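Colleague: fold the stuff below for me.
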Amino acid sequence: MASQLSVIIPVYNAEAYLRQCLSSLAASIEPALECIVVDDGSTDGSLNVAREFGVQVLSTGGRKGPAFARNLGAKAARGEILFFLDSDVCVQPDTVSRMGAEFAMNPDVDSVMASYDRWPEAKNFMSQYRNLMHHYVHQKSRREAVTFWAGCGAVRREVFLQFGGFDEAYQSPAIEDIELGYRMTAAGRKLVLCSNIEVKHLKRWEFGSVMKTDFFYRALPWSELTFRSGWMPNDLNLRISQRISVVLGGLLGALGAYLAVSRGVYFLVPLFATFFILLSAYWLDASGGNRRVLVGSMIGVIVAIASLAYVFHMKLIIPMVLMAWIALFARHRYAYPYTAWHRRTGIVIGAYCLLVVVFVWVYLPFHKLGLAFLVILLALVLLNNHFYLFLAGQRGKMFALAAIPFHLLYFISSGVAFVLAMVRYRLGLVHHPSTVAGTRPKPRAAER
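Modeller: Alright, predicted model coming up:
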């Protein structure tokens, strides 16, 4: 069945990744019928890389977005199965054959998706965190899916054409694949997520790119799609626990903003000191060209905490935070990982950091809303403890602690996006011809 797969790769300035992507395909045990690279107005050497591998190359004639590029490739494809792959994804030698086997063994399946593995190419903290979050979601989701993923997903050609392909109104990489999955699910089509088929992600993430993608290209358009379709599936990032986390994140953000205004530095200094310690693994990230930015940010935060604590008579915070940081840095620099000394120092330093975190909140004047803030923060951590334990098992406890602030920020930004989408929808500003308002998927027998 693999010989019936047409691989379609949309490309925009992907020279840094495309060679690895195509090399991984070339190493497939059972090659696909064809590989089509669709250039979407690249200005780098992506086209030259594609031609080196002798694949079919198409052009969109300018920057028109991945949805348009994938549709163009699908129209030119000859295979019965359209295998969409991002240019920053590497397959395993058996990925193509296993994807084809899923269709061959399950004639009722219309779409098959794979999962990111646990070891992304980029080694910096944000890339590791981001990839592990996706991997965790893929691994914990149900096999019978309700959305489509074009990063590494295949669909029967006749079904894809029947549904008109991806919605080309999405001119930037957004949720065009999710929207297609919604339409297919609403029509009773069967989509499956094979979490045991894993691929490697090459993309390097930084804090800014994560925030921009999460808000503008994921949370906001996905929330608008939810209002248009009138349906919110209990799967992937929309599981009940995740919805509750978004609500709690919104409350946490609102309370934090209020307390920052009403209590000022007496709230902000303990908050900054807490997250500064939690983010130790992020500050110590020495990979890539952002090292100077991280060091500069770290020094800026230390100076801000120390200055505010000194001026507003919270002086004990200064030596406690500095000692915690020095101890963490020394352990990172001199204690070799996975040794007995590393484990013992980790227990001692971890206990001390926990003591510091508890102590700094003593400076917060008693206030019911302040207590509510701490309760909600604790509830969010407990609600997502399985994810944090997963991170701890994969990359260590300090990594998991550093991930918590970014994960909380993810929930807060998702809540803001949902509220904004709701307001836009109520004002009649959300229009999209591809999704019929009020359309809900037909429940399958196993879901009833």
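
Colleague: next SSE downstream of the helix-or-strand element of the chain with minimal mean pLDDT?
Modeller: Lowest by mean pLDDT, DSSP states H and E among the helices and strands of the chain is helix 340-360, with a mean of 72. Next helix or strand after helix 340-360 toward the C-terminus (DSSP states H and E): helix 368-383.

Colleague: which strands or helices does the next helix or strand after that next one pack on?
Modeller: Downstream of helix 368-383, the next assigned helix or strand under DSSP H and E is helix 385-395. For helix 385-395, the packing partners by 3 or more CB pairs under 8 Å, 6 or more residues apart in numbering; DSSP states H and E come out as helix 125-140, helix 397-426. (Each C-beta comes from the backbone N, C-alpha and C, glycine too.)

Colleague: average model confidence for the last one?
Modeller: When pLDDT is averaged over helix 397-426, the result is 90.

Colleague: report the angle between the axes of it and helix 368-383?
Modeller: Helix 397-426 runs at 110 degrees relative to helix 368-383, counting by axes from the mean of the first three to the mean of the last three CA atoms, to 10 degrees.

Colleague: pull out the buried residues from helix 397-426.
Modeller: Within helix 397-426, the residues scored as buried using 16 or more other CB atoms under 10 Å are 397-404, 406-418, 421, 424-425.

Colleague: now for L284, how many residues are close by?
Modeller: Burial of L284 is recorded as 19 neighbouring residues (other CB atoms under 10 Å).

Colleague: surely it touches A330?
Modeller: No. At 11.0 Å, L284 does not count as touching A330 under the criterion of CB atoms under 8 Å.

Colleague: pLDDT weak spots in the stretch 201-350 of the chain?
Modeller: The stretch 201-350 of the chain contains residues with pLDDT under 70 at 233-238, 286-291, 332-343, 345-346.

Colleague: okay, domains of this protein per the record?
Modeller: Residue ranges for the domains of the chain, per automatic domain parsing: 2-205, 240-426.

Colleague: from the chain's centroid, how far away is the shortest one?
Modeller: For domain 240-426, the gap between its own C-alpha mean and the chain's C-alpha mean amounts to 19 Å (CA atoms, centre = their mean, to the nearest Å).

Colleague: and the longest one, by the same measure?
Modeller: Using CA atoms, centre = their mean, we find the averaged C-alpha position of domain 2-205 to lie 16 Å away from the chain's own average C-alpha position.

Colleague: out of the helices and strands packed on helix 385-395, the one nearest I36 is which?
Modeller: For the helices and strands packed on helix 385-395, the distance to I36 is smallest for helix 125-140, at 25.2 Å, taking CB to CB.

Colleague: what are the buried residues along that closest one?
Modeller: So for helix 125-140, counting by 16+ other CB under 10 Å, buried means 125-138.

Colleague: quick one, what contacts the nearest residue to H407 once chain neighbours are set aside?
Modeller: Leaving aside its sequence neighbours, H407 sits nearest to N384 (CB to CB, 6 or more residues apart in numbering; 6.6 Å). Neighbour list for N384: 241, 245, 407 [criterion: CB atoms under 8 Å, 6 or more residues apart in numbering].

Colleague: how about A417?
Modeller: 215, 219-220, 223.

Colleague: about what we covered before: from the domains of the chain, which stretch is densest packed?
Modeller: domain 2-205 (a mean of 20; mean count of other CB atoms under 10 Å).

Colleague: determine the longest strand present in the protein.
Modeller: strand 191-201 (DSSP state E).

Colleague: and the residue lying closest to A77 once chain neighbours are set aside, its phi and psi?
Modeller: Excluding its sequence neighbours, the residue lying closest to A77 (CB to CB, 6+ apart) is S6, at 3.6 Å. Main-chain torsions, S6, degrees, to the nearest 10: phi -110, psi 120.

Colleague: my read: S6 touches V38, true?
Modeller: No. Taking contacts as CB under 8 Å, S6 lies outside contact range of V38: 11.7 Å.

Colleague: what's in contact with the helix or strand encompassing R51?
Modeller: If you go by DSSP H and E, R51 is part of helix 46-52. Helix 46-52 has contacts (CB under 8 Å, 6+ apart) with 11-15, 18-19, 22, 37, 39, 57, 87.

Colleague: ok, now stretch 124-136?
Modeller: 115-118, 120-122, 201, 203-207, 210, 281-282, 285, 287-288, 290, 387, 390-391, 394-395, 399, 402-403, 406-407.

Colleague: could the domains of the chain go into CSV alongside distance to F227?
Modeller: Listed next are the domains of the chain as CSV, based on distance: least, CB to CB, whole Å:
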stretch, distance to F227
domain 2-205, 12
domain 240-426, 4
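
Colleague: so what's the residue lying closest to A150 once chain neighbours are set aside up against?
Modeller: Among residues not flanking A150 along the chain, D177 sits closest, at 3.8 Å (CB to CB, 6+ apart). Residues in contact with D177, defined by CB under 8 Å, 6+ apart, are 84, 147-151, 153, 166.

Colleague: please tabulate the residues you listed in TSV, including the columns secondary structure and distance to L268.
Modeller: Below are the contacts of D177 laid out as TSV (DSSP: H, G, I helix; E, B strand; the rest coil; distance: CB to CB, whole Å):
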residue	secondary structure	distance to L268
F84	strand	46
T147	coil	39
F148	coil	43
W149	coil	40
A150	coil	42
G151	coil	39
G153	strand	44
F166	coil	45
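
Colleague: nothing else from me, thank you.
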